[in-house]
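In: Model the following, please.
(one chain, ligands or ions: 1)
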Amino acid sequence: MFLPPFRFVPLLVLIFGLATTPLAAADATRPPNIVLIFCDDLGYADLSCQGATDFATPHLDKMAAQGARLTHFYVPASVCSASRAALMTGCYPDRVGVTGVFFPTLAKDGQPAGPGKAGLHPDELTIAEVLKSRGYATTCIGKWHLGDHPDFLPTRQGFDSYFGIPYSNDMGWWEGKPKDFKADFPPIPLMEGDWIVETNPDQRHLTRRYTERAIQFIRENATSPFFLYLPHTMPHIPLFVSEAFSGKARYGLYGDVIQELDWSVGAILATLSELKLDENTLVIFTSDNGPWLSMGSHGGKADPLRDGKFTRYEGGHRVPCLMRWTGRIPAGKVLDGIVSTIDLLPTAATLAGASLPADRTVDGRDVSAYLTGKAETSPREVFFHSPEVVRRGEWKLFLPGKYQEVAPPPAGNPPGGRVEYPHPRLYHLPTDPGERTSLHAKAEYAGLIEELTQLCRTHQEDLKAASRPAGRVP
Ligand code: MG
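Out: Numbers count the residues shown, from 1 in each chain. So this is what the prediction gives:
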């Protein structure tokens, strides 16, 4: 397997360093709890502290003031399943064979609808399994979306328990759905562990129910290290909000939904404080991909970034991210280094004193020193939005090819849709965060374009040489 020097060295240090010397945890006897709150389709600009003005997120803003706000935090896919596969494994989506979205099996040709046939491979080592190796209690509450067949459920991937809808909330029937929808999906399942306990649950109560479960889990595990993974169903469409939050925000239902999510975060943080766990708990809040812009007022915003979900532009991949760990992450810090969800697994492993597997490639980097202020810069200089799109430092390059565009493109660009670009595109993100003007035609950048092109080519070869398949059942 060939790996270029810039990745090879840190990866080796990471694997062998962790295998031989357990790194310092928050406390020698008790590693920190990790609470990972993962919204669905929440845009870069959808928090007050990131520029939202039509609704308020006071609890999230307070969390940002008490911890760090990461302004260049990336997901390596701009759709649900691929993004979650990366989060769970610390790997690029192509590495683990999950690049799209999993669906349940639809009714067809006399066959009934049922669970899907594919999912994240059960042999993949997830962040939950890494933490479990160090004695963590683990739970997943909410939208899993890495396979709903029993072989692929969270309980097969390191989670002690699971509660939630295992895929997107628009994959089936819901209250108010237009009558012309195709009735070939199975009823939307609400699962407890491996069992369907309700079908087509009233989605107005989901955020509240998930939150209550999360708080119950924290209370039950207050004396042991725990990993709470809370992937919310919202604000993916169809949007639903409980009565208490309905009609409260200026930006209609979407704003109401965000304000209920904000309440949820506040309730979880209050529980941690009450149990005196603030100094022993890393809380992470982020999103699986950018906003679904074609949903209009039912979608979020990513200003000033270009486009959103389904695209390789910054609005699709750069998401809001807050991290709070009282006494460890400096309060009120804005971190503008590149960090990605794939870095969370190695970082969690370091904090927990766990080893990473030596038998496979993990793409993520340990960013714990950067988060806690011990290192000035993020160890991640290079990030691949996809095998064809790379960011290195201030520069972003798209290889020539066809690219999906959802939002109307900036002036001076070809009309959107699925657009063929016969030339590479180069953007300087600090001066052009909206990716408006490609500098590819300027002769002075020819060398840089060549270097970044080579980075993509090497990455593609590496993926080809060392990738693993998704799971599949007959
Ligand atoms: Mg999503």
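In: what's near enough to touch Gly190?
Out: I think there's a mix-up here, since residue 190 is Leu and not Gly. Contacts for Leu190 (CB atoms under 8 Å, 6 or more residues apart in numbering) come out as Phe163, Gly164, Ile165, Ile196, Val197, Glu198, Thr199, Pro201. From N, CA and C alone the C-beta is placed, and that goes for glycine too.
In: Quick one: name the residues of the stretch 51-200 of the chain near the ion.
Out: Cys80 (CB under 5 Å from the ion).
In: so where is the stretch 51-200 of the chain shaky, pLDDT-wise?
Out: Low-confidence segments of the stretch 51-200 of the chain (pLDDT under 70): 180-183.
In: where along it do the helices fall?
Out: Ranges of helices in the stretch 51-200 of the chain, per DSSP state H, counting those that start in this stretch, are 58-66, 80-89, 127-132.
In: most tightly surrounded among the ones you listed?
Out: helix 80-89 (a mean of 27; mean count of other CB atoms under 10 Å).
In: Can you pick out the most distant pair from the contacts of Leu190?
Out: Comparing every pair within the contacts of Leu190 by CB to CB identifies Phe163 and Thr199 as the most remote, at 14.9 Å.
In: Who has more neighbours out of those two?
Out: Ranked by neighbour count (other CB atoms under 10 Å), Phe163 and Thr199 place Phe163 first, with 21 against 12.
In: For burial, what's the neighbour tally of Arg156?
Out: Counted with other CB under 10 Å, Arg156 comes out at 19.
In: How about the one 3 residues further on?
Out: Burial of Phe159 is recorded as 22 neighbouring residues (other CB under 10 Å).
In: For it, give its distance to the ion.
Out: Phe159 sits 20 Å away from the ion, going by CB to the ion, to the nearest Å.
In: What residues are bridge-paired with the nearest residue to that residue once chain neighbours are set aside?
Out: Among residues not flanking Phe159 along the chain, Cys140 sits closest, at 4.4 Å (CB to CB, 6 or more residues apart in numbering). Under DSSP bridges, the beta-bridge partners of Cys140 are Tyr162, Tyr229.
In: going forward can the numbers begin at 304, since that is how I track them
Out: Happy to do that; since the first residue is 304 now, the last one works out to Cys443.
In: In contact with Cys443, which residues?
Out: Going by CB under 8 Å, 6+ apart, Cys443 touches Ala431, Pro457, Phe462, Ser464, Tyr465, Phe466, Gly467, Tyr532, Pro534.
In: go on, Gly667?
Out: For Gly667, the contacting residues are Gly393, Cys394, Ser643, Ile645, Asp646, Leu647, Leu648, Pro649, Thr650, by CB under 8 Å, 6+ apart.
In: domains in the chain, as residue ranges please.
Out: 333-684, 688-774 (automatic domain parsing).
In: Only whichever of the contacts of Leu493 are buried, select them in ChimeraX.
Out: In ChimeraX syntax, the buried subset of the contacts of Leu493 is picked out as below (16 or more other CB atoms under 10 Å):
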select :466,467,468,504
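In: Closest one of the contacts of Leu493 to Tyr724?
Out: For the contacts of Leu493, the nearest to Tyr724 is Ile468 (37.5 Å; CB to CB).
In: what residue lies at the spatial centre of this structure?
Out: Note on the chain: the residue nearest the mean C-alpha position is Asp591, at 3.4 Å, using CA atoms, centre = their mean.
In: wait, it sits on Ser384?
Out: No: using CB atoms under 8 Å as the test, Asp591 is too far from Ser384 to be in contact (9.1 Å).
In: Got phi/psi on Arg627?
Out: As for Arg627, its main-chain torsions (degrees, to the nearest 10) stand at phi -130, psi 130.
In: Regarding the chain, what is its longest helix?
Out: helix 555-577 (DSSP state H).
In: Which elements pack onto it?
Out: Packing contacts for helix 555-577, counted by 3 or more CB pairs under 8 Å, 6 or more residues apart in numbering; DSSP states H and E, involve strand 336-342, helix 361-369, helix 509-523, strand 584-590.
In: at 10 Å instead, please
Out: strand 336-342, helix 361-369, helix 509-523, strand 529-534, strand 584-590, strand 625-627 (3 or more CB pairs under 10 Å, 6 or more residues apart in numbering; DSSP states H and E).
In: quick one: strands adjacent to the first one?
Out: Paired with strand 336-342 in the same sheet, following DSSP bridges, are strand 529-534 (parallel), strand 584-590 (parallel).
In: Please name whichever of these is nearest to the ion.
Out: Counting by CB to the ion, the ion lies closest to strand 584-590 out of these; the figure is 7.5 Å.
In: ok, and does the helix or strand following the closest one reach over to the ion?
Out: The helix or strand immediately downstream of strand 584-590 is helix 617-620, counting by DSSP states H and E. No: on the criterion CB under 5 Å from the ion, helix 617-620 is out of touch with the ion, staying 10.3 Å away.
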